[in-house]
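Asker: Task: produce atomic coordinates for the following.
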Amino acid sequence: MIEERIKQLQTIAYDKLKLKEYEFCYIGGLSLEYYGIRNANDIDLCLTQDAYRRVEKLGIIKGVKTSFYGVMRCDAGDNVEITLNNYNIMGISDAEIIENKEYHIKTNNLKFIRPEFVYTTKLLAKKSNNNAQRDITSIVNYFRDSKDNFDYNLVKSLYKTAKHEILKKRIKYAKNYILKYLKKPDIEKHYNAIIKSQFIYNVYPTEKFLTRQMDKYRHFQAYDVIVRYGFAKEFLEKGLNKESYWAKLYSKMQTKRGNGAKDHTFSRYIPLIESFKDGYDYDSYITIAKNGYLIDDGSHRVALCLLFNVPYVSLKEAKKHFDTRNYGIKWFENNNFSNEEIKSIVQLKEQIFMEKGIYFPVILWGSVTQYVNTICNENIKKYGEIISTKKFTIDDDSKFRKTVFDIYSSDDIARWKVEKKLEYLKPYPKEFTVVYVEIHEPKFRKKTMNNHDISTVVEKMKKEIRDIYKGKIDNYFYDIVVHMCDNYAQNRIVNSVLKEVKNG
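Answerer: Okay, here's the model as predicted:
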C-alpha cells in the first residue's frame with residue numbers, strides 16, 4: 001500500500017472520525033489493497049460500540065441501511081462507510097476483529113482485516129457474481145506465490161459458521177413468509193415442501209443442545225455421549241485397541257444397552273469417526289423428541305460434533321412422543337459399572353463442559369476477596385451449582401494489567417473502561433477469585449448491538465452481587481466487584497486466558 005493512501009486512511013480515522021487506535025479496523029477491499037492485490041472501491045471500517053456512538057454525535061452519518069443478515073451500513077460521506085456486524089454471520093464480532101491480533105494486520109497505527117475474511121465473504125457470494133470469482137482467483141494466485149501466510153483453516157471455520165447462520169436465517173424467513181401469506185390449511189404442506197427441497201432442518205448450537213439433555217431435576221442424562229466421546233478421542237490419539245480403557249467402557253456400555261446396540265459396534269463407529277475428518281454432514285440430521293431430548297438416534301454424532309468442535313448440530317423432531325432418555329449416572333450404577341469407571345465418566349463430562357465454556361466463570365475482583373465465601377453461599381448458589389473455586393494472585397503490575405485486559409478481550413467493552421477499572425482496583429490486592437458455576441438454564445436473549453447471545457440469568461446474578469457489595473467497598477466504580485461472560489463462546493476465551501495465568 002502506497003504512503004499516500006496510508007496518510008489518507010490515517011486522516012479519515014484520526015481527524016475526520018476522531019477515533020483512537022484501539023477503536024477501529026479497516027475491512028473489505030482495503031485488505032486486498034494492503035497486499036497490492038487490487039484497489040478498494042470504497043473505504044469500509046468497523047468500530048467499537050463506544051466509538052460508533054461518538055461518531056454518531058459528530059453528525060456526519062448520512063444514512064443507515066440494515067441487511068437481511070443484520071449488517072448495518074452507515075454512510076459517513078466521502079466514500080467512507082462504517083459497517084457494523086459485518087462478520088457476525090461468521091461468528092466474529094467487530095470488537096474481536098479490532099482486538100484479536102489473529103484477525104487483523106497492523107501497520108502505521110492502522111489495522112486491516114485479514115484477507116481470509118474477504119475470501120470467505122466472496123465464497124459466500126452467489127456463483128454468478130463475477131467480481132467475487134475474480135477476487136477469489138486473485139487472492140489464491142497472490143498467496144500461492146507469496147511468502148505471506150494465508151490460513152485456510154480460518155477460512156474453513158468462518159465459512160462453516162456462516163453457512164449455518166445463513167441456514168437459520170432462511171428457516172426463520174421461510175416460516176414468517178408462510179405464516180403471513182398462506183392460508184392455514186396450506187401452511188404445513190408448503191413448509192414441509194420447502195424443508196424437503198432445501199434439505200433444511202433445525203440447526204442448533206452444539207453446546208446448547210448438550211445442556212438440554214437433563215431430566216426435570218436438572219440431572220444430566222447423556223453420559224452415553226460422554227463415553228462415546230472418550231472412546232473416539234482415544235481412538236484418534238492412539239488407534240484401535242479393544243483392551244484400552246475407553247474402548248472397554250464403550251464396549252461394555254453398548255452390550256448393556258442392548259436393543260439394537262449391536263448396530264453400533266467398533267466396525268460401525270470407527271468409519272463414522274473417520275468421516276468427521278472431512279466435516280459434518282448436515283443432511284444427516286439427528287432425530288429428537290418434541291421436548292428437545294435425544295432419543296436413541298444420534299448420540300454418536302453429538303459426541304463427534306463435540307470432539308471435532310462442530311458449532312451446530314442439525315436436528316429433526318420426531319412425530320411421536322418419547323420419554324426423557326435415561327442415561328444418567330443411575331443407569332451406569334444399575335448396570336454394574338464400578339465406582340472408578342463412573343468417576344472417570346463424570347470427570348470427562350466436567351472436562352468437556354469446561355472446555356466448551358458451559359461452566360460460567362464468575363470473577364470476583366480483589367475488592368471483595370473478604371466476601372468470597374458469602375457471595376458463593378448467599379448469591380451464586382441461588383443461580384446454579386458451584387463446580388470449583390480458585391484464587392489467583394499476580395504480584396507483577398504489568399502482568400496483572402495484561403491479565404485483566406485479556407479477560408475483557410472476550411467482551412466488547414471500551415478500552416478506557418478497562419483502564420478505569422484498573423485505576424480503581426489499585427488500592428486492592430492484585431488478585432481475583434474465579435468461581436465456576438453450572439447454570440442449568442442460562443435463558444439466553446440476543447444482544448441488541450451485535451446479535452450475540454447474552455444470558456439473562458448471568459445479567460441478574462451480576463446485578464444482585466453488584467447491588468449488595470458496591471456499598472461495602474471504598475471508592476466503587478462500575479464495576480470492580482464482579483465480571484461474568486455473556487455466553488459459552490466468551491467463557492471459552494476467558495478459560496484460555498486463565499490457563500496461562502500463573503500465581504505469584
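
Asker: which stretches of the stretch 351-500 of the chain form helices?
Answerer: 372-378, 397-408, 415-425, 456-469, 488-499 (DSSP state H, counting those that start in this stretch).

Asker: name the helices or strands packed onto the longest one?
Answerer: Secondary structure elements in contact with helix 456-469, counted by 3 or more Cβ pairs under 8 Å, 6 or more residues apart in numbering; DSSP states H and E, are strand 482-483. Every C-beta, even on glycine, is put in place using the N, C-alpha and C of the backbone.

Asker: quick one: strands adjacent to the strand it packs on?
Answerer: In the sheet, strand 482-483 lines up against strand 359-365 (antiparallel) (DSSP bridges).

Asker: mean confidence for the partner strand?
Answerer: The average pLDDT within strand 359-365 is 96.

Asker: cool, stretch 304-321 as well?
Answerer: Stretch 304-321 comes out at a mean pLDDT of 81.

Asker: Can you give me the buried ones in it?
Answerer: For stretch 304-321, the neighbour count (16 or more other Cβ atoms under 10 Å) marks L304, C305, L306, L307, V310, P311, Y312, V313, S314, L315 as buried.

Asker: Out of those, which two sit at the greatest distance?
Answerer: Using Cβ to Cβ, the buried residues of stretch 304-321 span at most 18.4 Å, a distance reached by L307 and L315.

Asker: Quick one: low-confidence residue ranges for the stretch 251-400 of the chain.
Answerer: The model of the stretch 251-400 of the chain has pLDDT under 70 over residues 259-264, 282, 319-324.

Asker: quick one, strands of it?
Answerer: Per DSSP state E, counting those that start in this stretch, the stretch 251-400 of the chain carries strands over the ranges 286-288, 312-317, 359-365, 385-393.

Asker: Please list the outside residues in contact with the longest one.
Answerer: Residues lying outside strand 385-393 but in contact with it, judged by Cβ atoms under 8 Å, 6 or more residues apart in numbering, are 350, 354, 359, 369, 372, 376, 380, 403, 429-438, 440, 498, 501, 503-504.

Asker: For Y371, give its distance to V501.
Answerer: Distance, Y371 to V501, using Cβ to Cβ, to the nearest Å: 22 Å.

Asker: again with R144
Answerer: For R144 relative to V501 (Cβ to Cβ), the value is 40 Å.

Asker: got it, and F143?
Answerer: 36 Å.

Asker: ditto for T389
Answerer: Separation of T389 from V501 (Cβ to Cβ): 15 Å.

Asker: Kindly report the same for D297.
Answerer: In this view, D297 and V501 are 42 Å apart by Cβ to Cβ.

Asker: Just give me the neighbour total for E431.
Answerer: Residues near E431, counting by other Cβ atoms under 10 Å, number 18.

Asker: Same check on K216?
Answerer: 6.

Asker: same check, this time on E234
Answerer: 18.

Asker: And for Q133?
Answerer: Neighbour count for Q133, taken as other Cβ under 10 Å: 15.

Asker: quick check, distance from the host helix or strand of it to the centre of its chain.
Answerer: Using DSSP states H and E, the element containing Q133 is helix 130-145. From the chain centre to the centre of helix 130-145 is a distance of 29 Å (Cα atoms, centre = their mean, to the nearest Å).

Asker: which other residues reach stretch 421-430?
Answerer: By Cβ under 8 Å, 6+ apart, the surrounding residues in contact with stretch 421-430 are 365-367, 369, 393-395, 397, 400-401, 404, 474-477, 479-480.

Asker: tell me how far the ends of it are from each other?
Answerer: End-to-end distance of stretch 421-430: 12 Å, with Cα to Cα, to the nearest Å as the criterion.

Asker: tell me which residues in that stretch are buried?
Answerer: Across stretch 421-430, burial judged by 16+ other Cβ under 10 Å covers K421, L422, Y424, L425, Y428, K430.

Asker: Looking at these, spot the one nearest Y327.
Answerer: Minimum distance to Y327 across the buried residues of stretch 421-430 is 44.2 Å, recorded for K421 (Cβ to Cβ).

Asker: State the pLDDT value of the closest one.
Answerer: 93.

Asker: domains for this structure, by residue range?
Answerer: 3-154, 202-351, 357-499 (automatic domain parsing).

Asker: Let me have those in JSON lines, extended by distance to I166.
Answerer: Converted to JSON lines, the domains of the chain look like this (distance: least, Cβ to Cβ, whole Å):
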{"stretch": "domain 3-154", "distance to I166": "7"}
{"stretch": "domain 202-351", "distance to I166": "10"}
{"stretch": "domain 357-499", "distance to I166": "14"}
